[in-house]
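Asker: Return a 3D structure for these sequence lines:
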Amino acid sequence: MKQRVKSRLVTFLCLSLLLSIQHYPVYADNAVPVINLGTFEMETVSGGGTGGGETPTEDPDEKDRDISKARVYYNYESRYRNRPVELNIICIHEAVSGRHIPESGYRVSYINNDRPGEATAVITGQNGYKGEQRINFRITGVLIAQAPKDSDILTEYRTVVATGTKWRITPSFNVVRVRSTDGSIIGVSRKVDKSKSSGKNKWYYAYVQAKKPGIERIILDGVNGERVSYLVYAENPKIIKNSLKFNDVKTVSMSDYITGVTYLLPTDVTSKNTKVATVSGDYSISVSANGSSRITLVYGKRKINTTLTAKLPAFTRAKVTLKNKPVKLKLKNLPKNASVSFSSSDPNIVKMNPDGFAAPVSNGTVTVYARAGNVTAECTVTVKGLK
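Answerer: Model prediction:
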């Protein structure tokens, strides 16, 4: 019995030691260990710490100031999704001391990160740090062109379109025949190009309609034996929710609320009420005020709509008058378990306590603030009649 217990104890200690070694890896110089995390790749490059903060006041030696010798920890989503791929820099460590290099100590630029294949991240030192380090990484997937609107010419050999939309393909030759490998995904036909036709001499281009999600090859034949083919990806974008509700000031990416797409991006995103929500160039929505706005995502002639409603924290009363006793100022639209802090523009007139009670100190008018998350609500408080 004692021998069995001893044997199990030895086994447990060995496993614990092995796990501790795996959890705290030691990398040799210039080693590039890779840990696969699904569609992400996690890498460490010797050669560099969480960003942020101030530039160190200490003066590390010359080697620690050299970005080319620093250790970079990063990950990235390797799959190309019709937009540039960038590294997620987790941290950069100085080579000798191992101290974190702040974000202010370097900048990152990219080469060929807007297409599948080999890309390079260039990390350049600044604000006291010198040198540069180049990290090569591979982007997987295929390069797909996206026509900006219906009836635009498809000029790439790989193209992504939205189901329910129609497109024209106008090669340099007169199309005598157009066909698809199946026909159930992409419907094809010929149409006369009036700008190139003359009398009985008709010039044709191909007309394409995406019927349902999938991939299909389109083949065009010309009158003089020309041939060209296109691989068309049809995707069916759908909004996850018909109504989006927010109770905080934030910026959200509309891609988080769209399903059915891998490569397809909206050709336009609009907000009907820009006082409530505005759109940035990367299809993100910034919520800034209470109210509702209709958000429209455009895919050619196809439009997807959703309603965004913002119910941000606010005082139940915009103006309050105090006389000779404290009054509790109440808030509406507070998220569950929200942490709220109160303050007064002049504590010599009105003093606020952590529970939201406004206590009159002297006659006058102040602005009381309540901060919850990223929202700051305001209330005008006037004190009258104090002696």
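Asker: could you point out where the chain is predicted with low confidence?
Answerer: Applying pLDDT under 70 to the chain picks out residues 1-61, 82, 142-157.
Asker: domains for it, by residue range?
Answerer: 11-139, 158-235, 238-310, 314-383 (automatic domain parsing).
Asker: From residue 161, how far out is residue 231?
Answerer: 11 Å (CB to CB, to the nearest Å). Every residue, glycine included, has its C-beta placed from N, CA and C.
Asker: out of the two, which sits in the more crowded spot?
Answerer: Using other CB atoms under 10 Å as the criterion, residue 231 and residue 161 rank with residue 161 on top: 25 against 16.
Asker: Pairing partners for the more buried one in the sheet, please.
Answerer: residue 234 (DSSP bridges).
Asker: For it, give its distance to residue 193.
Answerer: Counting by CB to CB, the gap from residue 161 to residue 193 is 20 Å.
Asker: go on, residue 141?
Answerer: Computed as CB to CB, the residue 141 to residue 193 distance reads 33 Å.
Asker: what sits against residue 292?
Answerer: For residue 292, the contacting residues are 273, 276, 307, 308, 309, 310, by CB atoms under 8 Å, 6 or more residues apart in numbering.
Asker: Measure how buried the second one is and give me the count.
Answerer: With neighbours defined by other CB under 10 Å, the count for residue 276 comes to 22.
Asker: surely it meets residue 286?
Answerer: No. Counting by CB atoms under 8 Å, residue 276 does not reach residue 286; the two are 9.9 Å apart.
Asker: sorry, back to before: can you add distance to residue 215 and give the contacts of residue 292 back as TSV?
Answerer: Output for these, formatted as TSV (distance: CB to CB, whole Å):
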residue	distance to residue 215
273	39
276	39
307	33
308	33
309	37
310	39
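Asker: Give me the buried entries from the residues you listed.
Answerer: By neighbour count, with 16 or more other CB atoms under 10 Å, those hold 276, 308, 309, 310 as buried.
Asker: Am I right that the second one sits in a helix?
Answerer: No. Going by DSSP: H, G, I helix; E, B strand; the rest coil, the assignment for residue 308 is strand, not a helix.
Asker: check contacts around residue 288.
Answerer: Contacts of residue 288 by CB under 8 Å, 6+ apart are 249, 275, 276, 277, 278, 310.
Asker: Quick check: the third one vs residue 293, distance?
Answerer: Applying CB to CB, the value for residue 276 to residue 293 is 4 Å.
Asker: do the same with the fourth one
Answerer: In this structure, residue 277 and residue 293 are 5 Å apart, going by CB to CB.
Asker: Same check on the fifth one?
Answerer: Residue 278 sits 9 Å away from residue 293, going by CB to CB.
Asker: Quick one: residues contacting the nearest residue to residue 253 once chain neighbours are set aside.
Answerer: Nearest residue to residue 253 in three dimensions, chain neighbours excluded: residue 284, at 5.1 Å (CB to CB, 6 or more residues apart in numbering). Residues near residue 284 by CB under 8 Å, 6+ apart: 251, 252, 253, 254.
Asker: Can you flag the buried ones in these?
Answerer: residue 254.
Asker: Can you add distance to residue 78 and give the contacts of residue 284 back as a markdown table?
Answerer: Shown next, in a markdown table, are those (distance: CB to CB, whole Å):
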| residue | distance to residue 78 |
| --- | --- |
| 251 | 25 |
| 252 | 24 |
| 253 | 19 |
| 254 | 23 |
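Asker: Go through the contacts of residue 284 and name the one nearest residue 210.
Answerer: For those, the minimum distance to residue 210 (CB to CB) is 21.0 Å, reached by residue 254.
Asker: What sits closest to that closest one if chain neighbours are left out?
Answerer: Closest to residue 254 by CB to CB, 6+ apart is residue 283, at 5.0 Å.
Asker: Also residue 367?
Answerer: Per CB to CB, 6+ apart, closest to residue 367 is residue 345, 4.4 Å.
Asker: Count the residues that sit near that neighbour.
Answerer: The burial count assigned to residue 345 is 14, neighbours taken as other CB under 10 Å.
Asker: Pull the contacting residues for residue 364.
Answerer: Residue 364 neighbours (CB under 8 Å, 6+ apart): 346, 349, 382, 383.
Asker: Narrow those to those in helices?
Answerer: Judged by DSSP state H, helices contain none of the contacts of residue 364.
Asker: list residues touching both of residue 278 and residue 293?
Answerer: residue 271.
Asker: who has more neighbours, these two?
Answerer: Neighbour comparison, residue 278 and residue 293: the larger count goes to residue 293, with 24 against 16 (by other CB under 10 Å).
Asker: and that one, what are its bridge partners?
Answerer: residue 308.
Asker: For it, list the residues it contacts.
Answerer: By CB under 8 Å, 6+ apart, the contact set of residue 293 is 271, 272, 273, 274, 276, 277, 307, 308.
Asker: okay, and the common contacts of residue 277 and residue 293?
Answerer: In contact with both residue 277 and residue 293: 271, 308, using CB under 8 Å, 6+ apart.
Asker: Can you report how many residues lie near the residue lying closest to residue 202 once chain neighbours are set aside?
Answerer: Sequence neighbours aside, residue 192 is the residue nearest to residue 202 in space, at 5.4 Å (criterion: CB to CB, 6+ apart). The burial count assigned to residue 192 is 11, neighbours taken as other CB under 10 Å.
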